[in-house]
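Q: fold the stuff below for me.
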Amino acid sequence: MSAAWLLLVSTRGALHEERDFRAALACTTTQTDSDSDSDSDSDSDSDDCLRTVTARIDRAERDTKHKGASYWLYVTEPGGKKDSAWIDGHTPDSPTAWSGTHVKVTLWRGEIRYVDFPAGRLSTHADPRGSYRPRLAAALGIGFFGLAPLWAAYWWTRRSTASPLRAPWQLGLPMTGALTLAATSALVALVTHGIWTALEYVAVAAGVVLLGCTVAALVLRRRQKADDTIEVTPSVPTSEQCFPGSVFGEGRYSAGGGGYLIAAPGLLLTTPDPTGAFARRPVPATLIPVRVRPPYWTDPNGGDYAAECVVIECRDGDTPVVIVTKKENVPWVLGVLQSVTTAP
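A: Next up, the predicted model:
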């Protein structure tokens, strides 16, 4: 909805305003003189002609509310009317350094659109030329970005049975494509001239992203294995090691272990203490490792674990148990469990 409003309403309105501004002609001498003699806003200020008058600069103040170099220029027009304009650039250190300098300001529909300094012309933020670009960039960016959560919702409700993985490529690849297209289209809208030119580039980008995702999907599907077991060589630590990890299961494993594991020669313990100094609870010697695999969305907590974590499937009799830890710690866990279960 936001993308549609930005594209169909906000961007369209900005384009119409730019078209009117480009078509505007300079005000006649009669209109300019009438406005100059008025001490208040007159009806002619809202006309579609460009009114250029000589104004005196009162002061220039740096804009502290926005990022980047910009300032507010305060001027007095003929007849004593006060006005201001927001301009990009740098000002002198003193707000009154330009005080008394005369410049030409061009107004359209009651706002200063650009200022002619002795060194050249500067457009103000009220200049409607190109003002559609940020709106178009936001519309395209939000629109394509919105495809990512829509695909995720569709996947989890309709297609999640196709893969038990917490982060399957069927989910990540289209979302990556949508995010790439969102960033590309927003950038294109900001740097191109003309809405149709921007849309043509976006169409090309969409084709490239679609082709890239299709090729990647074919490659990933061919490389996908029916067995997602991760081969790890067990290694018994020579000294006590404490690292993040949790044990999930039923019965005596229901407590989760506290968030840390301690691997020592012939012993695996759980603890809530990062230093491993207290509340040490040994893992039963009857726990047998089965295999190592990636997280599944059917795992405890939905498989939402820290990055680089893997799952060690275990069994204690008929009770399924999983141990979650980073892949770098798995050799110690497997080495300790195997040494415990094979001990006489």
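Q: the host helix or strand of I262 packs against which elements?
A: Taking DSSP states H and E as the definition, one finds I262 inside strand 260-264. The criterion is 3 or more Cβ pairs under 8 Å, 6 or more residues apart in numbering; DSSP states H and E, and the helices and strands that strand 260-264 contacts are strand 241-249, strand 267-271, helix 330-341. Just so you know, the C-beta spots here come from the backbone N, C-alpha and C atoms, and that holds for glycine as well.
Q: now it and strand 267-271, what's the angle there?
A: Counting by axes from the mean of the first three to the mean of the last three Cα atoms, to 10 degrees, strand 260-264 lies at 160 degrees to strand 267-271.
Q: could you give the angle of strand 260-264 to strand 241-249?
A: 120 degrees.
Q: for the chain, which helix or strand comes out least confident on mean pLDDT?
A: The weakest-scoring helix or strand in the chain, judged by mean pLDDT, DSSP states H and E, is helix 29-36 (a mean of 57).
Q: check which element follows that one along the chain.
A: Assigned by DSSP H and E, the successor of helix 29-36 is strand 51-62.
Q: any idea how far the helix or strand following that following strand is from the middle of the chain?
A: Of the helices and strands lying after strand 51-62 in sequence (DSSP H and E), the nearest is strand 70-76. Its chain's C-alpha centre and that of strand 70-76 lie 34 Å apart, by Cα atoms, centre = their mean, to the nearest Å.
Q: re the thing from before, is it possible to get CSV of the helices and strands packed on strand 260-264 that adds mean pLDDT?
A: CSV is the format used below for the helices and strands packed on strand 260-264 (pLDDT from 0 to 100):
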stretch, mean pLDDT
strand 241-249, 92
strand 267-271, 90
helix 330-341, 85
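Q: for those, give me CSV that also has distance to R56.
A: Formatted as CSV, the helices and strands packed on strand 260-264 follow (distance: least, Cβ to Cβ, whole Å):
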stretch, distance to R56
strand 241-249, 68
strand 267-271, 76
helix 330-341, 76
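Q: ok, which of the ones you listed comes nearest T233?
A: For those, proximity to T233 was assessed by Cβ to Cβ; helix 330-341 is nearest, at 6.1 Å.
Q: the closest one packs against which elements?
A: strand 241-249, strand 260-264, strand 267-271, strand 288-293, strand 309-316.
Q: who's in contact with the first one?
A: Meaning strand 241-249. 253, 256-264, 270-271, 274-276, 283, 299-300, 306, 314, 316, 319-326, 329, 332-333 (Cβ atoms under 8 Å, 6 or more residues apart in numbering).
Q: show me what counts as buried in that strand.
A: By neighbour count on 16 or more other Cβ atoms under 10 Å, the buried set for strand 241-249 is 242-243, 245-249.
Q: give me whichever of the helices and strands packed on helix 330-341 is most buried.
A: strand 260-264 (a mean of 23; mean count of other Cβ atoms under 10 Å).
Q: partner strands of that one and their direction?
A: strand 241-249 (antiparallel), strand 267-271 (antiparallel) (DSSP bridges).
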